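A.B. asks: 3D model of this:
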Amino acid sequence: MLIDGFPAGSFQANCYVVAPAAGEECVIVDPGQDAVRDLEAKLREHRLKPVAVLVTHGHLDHMWSVAPVCGARNIPAYIHPDDRELLSDPAKGISLMANSLFGGIEFTEPDDVRELSDGAVLNIAGLDLIVDHAPGHTRGSVTFRFDAEQVMFSGDLLFAGSIGRSDLPGGDYATIIRSLGRVCLSLPDTTTVLPGHGPQTTIGRERATNPYLAEAAPFAGPTRGL
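C.D. replies: I've put the predicted structure just below:
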């Protein structure tokens, strides 16, 4: 599998390209602010043909370039329905003062938007990606993972040594802690975590050292009796 990425724009949000191998179809994860030029360079370097954009959540640092990338390639964008409105109105996910960040830019949905659901398996570009709904940072935050390769794109759910903030509209601290327990702590320690910001890590490293994961119990599912 080929996975390559770069931090985009002033927010330094990680944008990734994912493909079975060089010269194949690929998916793009989280094309953020000013991502187009570096993204085009990655696509040329690896001779990749994008067929979809995957959005971990609707904050503008992760979706800024979704519409232009999808429009230029005539490809769909995938996002959870709880964050879909942020594609055209990202200010709702930040604050009433957020418009000052946009410099007059107007955001629109791509022509083809497809909604994600918890537990869905996306069969795209020769890849099988599992979607896990992981609210708390935003209501519609998701992660994408490959079980066989033990790789997870965590968005802003989990970082190396930290977690996503929960103080913006749609965020909730208790909810993100539950999501960490259900989505992250149930994975093997050897799982590579590719976050929305900062360096990659592993579930094992975060389980052992991340103070926020100490609050999150692994999700055990329903129980019966006492």
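A.B. asks: list the helices and strands the lengthiest helix in the chain packs on?
C.D. replies: Secondary structure assigned by DSSP state H gives helix 36-46 as the longest helix of the chain. Counting contacts by 3 or more C-beta pairs under 8 Å, 6 or more residues apart in numbering; DSSP states H and E, helix 36-46 is packed against strand 2-8, strand 13-19, strand 25-29, helix 66-73. Bear in mind the C-beta positions are built from the backbone N, C-alpha and C, glycine included.
A.B. asks: give the buried residues for that helix.
C.D. replies: Within helix 36-46, the residues that count as buried by 16 or more other C-beta atoms under 10 Å are 36, 38-39, 42-43, 46.
A.B. asks: neighbours around the closest residue to Asp118 other than its chain neighbours, how many?
C.D. replies: Nearest residue to Asp118, sequence neighbours excluded (C-beta to C-beta, 6 or more residues apart in numbering): His133, at 3.7 Å. By other C-beta atoms under 10 Å, the residues close to His133 number 19.
A.B. asks: ok, His133 to Thr190 distance?
C.D. replies: His133 sits 24 Å away from Thr190, going by C-beta to C-beta, to the nearest Å.
A.B. asks: swap in Glu45?
C.D. replies: Glu45 is 28 Å from Thr190, where distance means C-beta to C-beta.
A.B. asks: please name the bridge partners of the closest residue to Ile124 other than its chain neighbours.
C.D. replies: Nearest residue to Ile124, sequence neighbours excluded (C-beta to C-beta, 6+ apart): Ala52, at 5.1 Å. With beta bridges defined as DSSP bridges, Ala52 has these partners: Val27.
A.B. asks: any weak-confidence spans in this protein?
C.D. replies: By pLDDT under 70, the weakly predicted segments of the chain are 95-104, 217-226.
A.B. asks: the helices in it, which residues?
C.D. replies: 36-46, 60-63, 66-73, 173-179, 203-209.
A.B. asks: using CSV, lay out the ones you listed together with distance to Asp112.
C.D. replies: Output for the helices of the chain, formatted as CSV (distance: least, C-beta to C-beta, whole Å):
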stretch, distance to Asp112
helix 36-46, 18
helix 60-63, 15
helix 66-73, 7
helix 173-179, 28
helix 203-209, 33
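A.B. asks: and those helices, which is most packed in?
C.D. replies: Ranked by mean neighbour count, those are led by helix 60-63 with a mean of 27 (mean count of other C-beta atoms under 10 Å).
A.B. asks: other residues contacting that one?
C.D. replies: 8-9, 11, 13, 30-33, 55-56, 79, 86-87, 90, 93-94, 98, 101-102, 107, 155-156, 196 (C-beta atoms under 8 Å, 6 or more residues apart in numbering).
A.B. asks: could you dump that helix to PDB, C-alpha only?
C.D. replies: Presented in PDB, the C-alpha positions along helix 60-63 are these (Å, rounded to 0.1, in the frame of the first residue of the first chain):
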ATOM      1  CA  LEU A  60     -12.200  24.200   7.600                       C
ATOM      2  CA  ASP A  61      -8.600  23.200   8.100                       C
ATOM      3  CA  HIS A  62      -9.600  19.700   6.800                       C
ATOM      4  CA  MET A  63     -12.200  20.600   4.100                       C
END
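A.B. asks: re the thing from before, the residue nearest to Asp118 bridge partners, please.
C.D. replies: Per DSSP bridges, the residues bridged to His133 are Val142.
A.B. asks: equivalent analysis for Leu194, please.
C.D. replies: Bridge pairing for Leu194 - DSSP bridges - gives Phe153.
A.B. asks: can you start the count at 22 instead of 1 from here on
C.D. replies: Sounds good: first residue 22 from here, last item Leu215.
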